[in-house]
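Enquirer: Take this sequence and fold it.
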Amino acid sequence: MCAGVGSAKAGDCPKCGMALERNPAWKSPAITIYTCPMHPEVRQDQPGDCPICGMALERAGVVEDAGEDDRELKDMTRRFWIAAVFALPVFLLAMAHLIPSQVVHSFAGGETSRWLQFVLSTPVVLWAAWPFFHRGWQSMITRHLNMFTLIAIGVGAAYLFSAVVMLLPGYFPASMDQEMKPAIYFEAAAVIVVLVLLGQVLELRARSNTGSAIKALLDLAPPSARKITELGDEEIPLDEVRVGDLLRVVPGEKVPVDGAVVEGRSSVEEAMITGEALPVEKVAGDKVTGGTVNGTGSFVMKAEKVGSDTLLGQIVGMVAEAQRSRAPIQGLADKVAGIFVPGVLLVSLLTFICWAWLGPEPKLAHAVVNAVAVLIIACPCALGLATPMSIMVGVGRGAIEGVLVKNAEALERLEKVTTLVVDKTGTLTAGKPKLVDVLPEQGFEEADFLKMAASLEQSSEHPLARSIVRAAEERGLPLLPVMDFRSVTGGGVAGKVSGREVLVGKPDFLRDEKVTGLEMMIAIAKGLQEEAKTAMFVAIDGKPAGIIAVADPIKPTTQEAIQELHALGLKIVMLTGDNRHTAATVAKRLGIDTFEADVEPAGKAAYVKKLRSGADGVAMAGDGINDAPALSEADVGIAMGTGTDVAMQSAGITLVKGDLRGIAKAIRLSRATMRNIRQNLFFAFFYNALGIPLAAGVLYPVFGWLLSPIIAGAAMSLSSVSVIGNALRLRRLKL
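Expert: Purely as a prediction, here's the structure:
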């Protein structure tokens, strides 16, 4: 989770000391980078430990070779079981005095028992705990004190104190123990190592579950493809497919990559993208997407996007990047952790001094035990994991529902959004307008009138223009060449068709072009606009020629989405470049709170900026290039996955299915994730606030209670596991 820390090889985070974990994103031929699961800024091209938290660095950006991905888990598991075998007899020997038998008591306190504990605990401390000592030492060198600093000092102090007692008993006064022998704490050192190793194993297993969403996405892609060669069909691995390859897709198979059908026809189930269960008919020239499922037909396709360039690859990459990003709330945990470890070391030192000065006999033994307990129980692992684990699970959960989060900051900001600004075309509506009315003025034939307008519009990229061109082609009208074409943003288009001056656009645009006598057409247009139709005025040779009306149907799910968003407490504002009458009709039909019409792209961004100055949080949802400035200006930009790449790049959230209900899902996800993070931070702070005083022995003067280092070690390990377990609850979140 260490932002910016990465490496091409396995290892530990150079900041926090945690093992770098492989980011299960789309595989890439580039150099492998290793990064920290707690500090994504830690990045390097070889294995190692995080310099901040000490965790082993994880491999980022590769999905194959799962065995290497479990390197840290396998290593910690092996160390745990071997350490447990050695630590169990040490623990039994140390606790034997509790058995009501004089013979057992005599043996437990004898030299044989003490030397056995020394011998058996030595491999546990010097071998099984070696990663902790290594990371603890690195933390001191890099001056990034972390959980491994405390573990190394605590375990090392308990073991060294006991070892010196065994090897140099003459240095300790005989009064330290009623049996005239100094106390030893090999069982504390050994059992603490076993418990910390157990915590690491449970933590690593839990962390591996946070990548399940990406793995599920990757499973959507088939492992191989059928490439058409001169010798016939050849099955090749998916990563060997190249742009331009001809691929055969047979019934029941998944489409391997993004491309276009060149031969054959079939129906393809595109629920992965659209959310619609009904298959879509595909013929030559139609686009197909990798990961979608072919129906009963067979077709040949040409690969156009492969690997990480496919839609599925981009989704996986976006999810993986978001999981590694840092939420602003993480800054609070970082600031606390920055002063926490030095503070714990100071508390441990004061605990040692107080017990050695004021404590009961044996003073030195009590001082060592309680100082070690403070170091062990105060490990800040739970604090460091609180935010990144929730972010990883939350982002993954959203991806499964088609809500792609670009970064953790967007997810955090979305929780505070109170106003949602939406574009009309392509967001509230289907974004596929159709020509519904052709109303020429007297003196103009309908076919000639439409042919002239469509010929001019064929040079325009506007969605309304394409609907006019498509309607002319469906009627079999030949399109004529255009000369001197020009486009006025937010106004209309002009040019010469067969030597005649043709204008198509808004009334103001025609007036600017010196066209008069538009009053009758404006009156007709108002009636059309009240029916949610967009009226475009046409002038030929400087005279009003008629009106072309286009309608963009509202998406079937939009009404339900608006109701859900209102239920979540959001105010909804519609911005559109369409005329006011059409906008008012759509707003009234959908129950939108307020709207602004005739807004140009620059005006959308300015409007969003104005809203931000007076609202707690503003989100903008759009799908087109013209929405990109407003998406960037909003606190959170939300792009429809069915829209343009520019819109998606400008947004912090992308809805893969282009369904407005996805915004409600995103908001619920944001609120649940942030609530989960706050719960984790509370658990971590509360745990340390309660545990450190207990470990220091504040209850001893009143109740005579002391916290054993063994219990402190168990509590420390379970605190991290509990934080991860709480984060994993997000996988079951109902959106």
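Enquirer: which regions of the stretch 501-650 of the chain sit below the pLDDT cut-off?
Expert: 601-602, 615, 624-628, 641-650 (pLDDT under 70).
Enquirer: Please give the element, helix or strand, for V261.
Expert: Assigned by DSSP states H and E, V261 falls within strand 258-264.
Enquirer: what's that strand packed up against?
Expert: strand 287-288, strand 299-305 (3 or more Cβ pairs under 8 Å, 6 or more residues apart in numbering; DSSP states H and E). The way it works is simple: take the backbone N, C-alpha and C, and place the C-beta from them, glycine included.
Enquirer: Not counting its own residues, what contacts the longest one?
Expert: For strand 299-305, contacts defined as Cβ atoms under 8 Å, 6 or more residues apart in numbering pick out 228, 241-249, 255-266, 282, 288, 290, 311, 313.
Enquirer: do the same with stretch 238-257
Expert: Under the criterion Cβ under 8 Å, 6+ apart, residues 27, 220-228, 233, 259, 262, 266, 268, 288-307, 310 lie in contact with stretch 238-257.
Enquirer: quick one on the thing from earlier: just the buried residues out of the contacts of strand 299-305, in PyMOL syntax.
Expert: Buried residues among these (16 or more other Cβ atoms under 10 Å), as a PyMOL selection:
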select buried, resi 241+245+246+247+248+249+255+256+257+258+259+261+266+282+288+290+311+313
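Enquirer: quick check: longest helix of this structure.
Expert: Identified as the longest helix of the chain according to DSSP state H is helix 661-696.
Enquirer: C-alpha coordinates for the next helix or strand after that helix, CSV please?
Expert: Next in sequence after helix 661-696, counting helices and strands by DSSP H and E, comes helix 700-703. Backbone C-alpha positions of helix 700-703 (Å, rounded to 0.1, in the frame of the first residue of the first chain) are rendered in CSV as follows:
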residue,chain,number,x,y,z
TYR,A,700,-0.5,-3.5,39.0
PRO,A,701,-0.7,-1.2,42.0
VAL,A,702,-4.5,-1.6,42.3
PHE,A,703,-5.2,-5.2,41.1
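Enquirer: buried ones in helix 700-703?
Expert: Y700.
Enquirer: How far does that helix sit from its chain's centre?
Expert: 48 Å (Cα atoms, centre = their mean, to the nearest Å).
Enquirer: Output the contacting helices and strands for it.
Expert: Partner elements for helix 700-703 (3+ Cβ pairs under 8 Å, 6+ apart): none found.
Enquirer: could you give me the average pLDDT of that helix?
Expert: Helix 700-703 shows an average pLDDT of 79 in the prediction.
Enquirer: low-scoring stretches of the stretch 51-200 of the chain, by residue?
Expert: For the stretch 51-200 of the chain (pLDDT under 70), the answer is 53-55, 58-70, 96-109, 146-147, 170-183, 199.
Enquirer: quick one, strands of it?
Expert: Ranges of strands within the stretch 51-200 of the chain are 54-60, based on DSSP state E, counting those that start in this stretch.
Enquirer: Which stretches in it count as helices?
Expert: For the stretch 51-200 of the chain, applying DSSP state H, counting those that start in this stretch gives helices covering 66-69, 71-95, 102-108, 111-123, 130-142, 147-167, 186-209.
Enquirer: that older thread, what's the ChimeraX line that selects buried ones from the contacts of stretch 238-257?
Expert: In ChimeraX, this line selects whichever of those come out buried by 16+ other Cβ under 10 Å:
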select :27,221,222,225,226,227,259,266,268,288,289,290,291,292,293,294,297,298,299,300,301,302,303,304,305,306,307,310
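Enquirer: just to revisit the earlier point, show me what the longest helix of the chain is packed up against.
Expert: So helix 661-696, by 3+ Cβ pairs under 8 Å, 6+ apart, packs with helix 330-358, helix 363-377, helix 381-400, strand 403-405, helix 408-415, helix 558-567, strand 653-655, helix 709-728.
Enquirer: now the ones you listed as TSV including distance to I524 and mean neighbour count?
Expert: Below are these laid out as TSV (distance: least, Cβ to Cβ, whole Å; neighbours: other Cβ atoms under 10 Å):
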stretch	distance to I524	mean neighbour count
helix 330-358	59	17
helix 363-377	80	26
helix 381-400	47	29
strand 403-405	43	28
helix 408-415	44	23
helix 558-567	28	17
strand 653-655	37	28
helix 709-728	60	23
